[in-house]
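Engineer: structure here, sequence nowhere to be found:
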């Protein structure tokens, strides 16, 4: 029902910055409400971990390891979310995933959705 796509990953040296973007779009309907938009990351052999979470009506939450370095921003008019990553460290190397939760409206009515993007690689060299 909803397609989520990430962009902006790549290779950067330690201490550098990257900006990830994520866009959500309805396939057979229109996104009419967003509950939250979040970024997760995953490294080989490990579980996906929450990096930053922007819930409607609440202040953003961040993993302790990225506080003060990463900033999540939402544009609800465009159904997009960005993750500004500064002072990157080799430990930030991972595949980053965008997750969007909300309501999509079709001709049949309203339906809750939770959708993931395919993920995007971020590599920080030392």
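Structural biologist: Structure's in. What do you need? Worth saying up front: this structure is predicted, and the values here are computed from it rather than measured.

Engineer: what about the residue lying closest to residue 71 once chain neighbours are set aside, neighbour count?
Structural biologist: Spatially, and ignoring its direct neighbours in sequence, residue 71 is nearest to residue 84 (4.5 Å; Cβ to Cβ, 6 or more residues apart in numbering). Placement of C-beta: from N, CA and C, glycine included. By the measure other Cβ atoms under 10 Å, the count of residues near residue 84 is 15.

Engineer: residues touching residue 84, list them.
Structural biologist: If you count contacts by Cβ atoms under 8 Å, 6 or more residues apart in numbering, residue 84 has them with 17, 19, 70-73.

Engineer: switch the cut-off to 7 Å
Structural biologist: The contact partners of residue 84, taken as Cβ atoms under 7 Å, 6 or more residues apart in numbering, are 19, 70-71.

Engineer: before we move on, what about residue 104?
Structural biologist: Per Cβ under 7 Å, 6+ apart, neighbours of residue 104: 1-2, 26, 29-32, 111, 113.

Engineer: and with 8 Å instead?
Structural biologist: Going by Cβ under 8 Å, 6+ apart, residue 104 touches 1-2, 26, 29-32, 110-111, 113.

Engineer: same thing with residue 88?
Structural biologist: Here residue 88 is in contact with 12, 14-18, 69, 122, 124 (criterion: Cβ under 8 Å, 6+ apart).

Engineer: adding pLDDT, write those out as CSV.
Structural biologist: Listed next are the contacts of residue 88 as CSV, based on pLDDT from 0 to 100:
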residue, pLDDT
12, 98
14, 98
15, 98
16, 98
17, 98
18, 98
69, 98
122, 98
124, 98
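
Engineer: and the furthest pair within the residues you listed?
Structural biologist: Pairwise distances across the contacts of residue 88 peak at 14.2 Å for 15 and 122 (criterion: Cβ to Cβ).

Engineer: sorry, back to before: highest neighbour count among the contacts of residue 84?
Structural biologist: The residue in those with the most neighbours, by other Cβ under 10 Å, is residue 70 (22 neighbours).

Engineer: measure the closest residue to it other than its chain neighbours to residue 102 for me?
Structural biologist: Of all residues beyond its chain neighbours, the one nearest residue 70 is residue 85 (5.1 Å), with distances taken as Cβ to Cβ, 6+ apart. Separation of residue 85 from residue 102 (Cβ to Cβ, to the nearest Å) stands at 24 Å.
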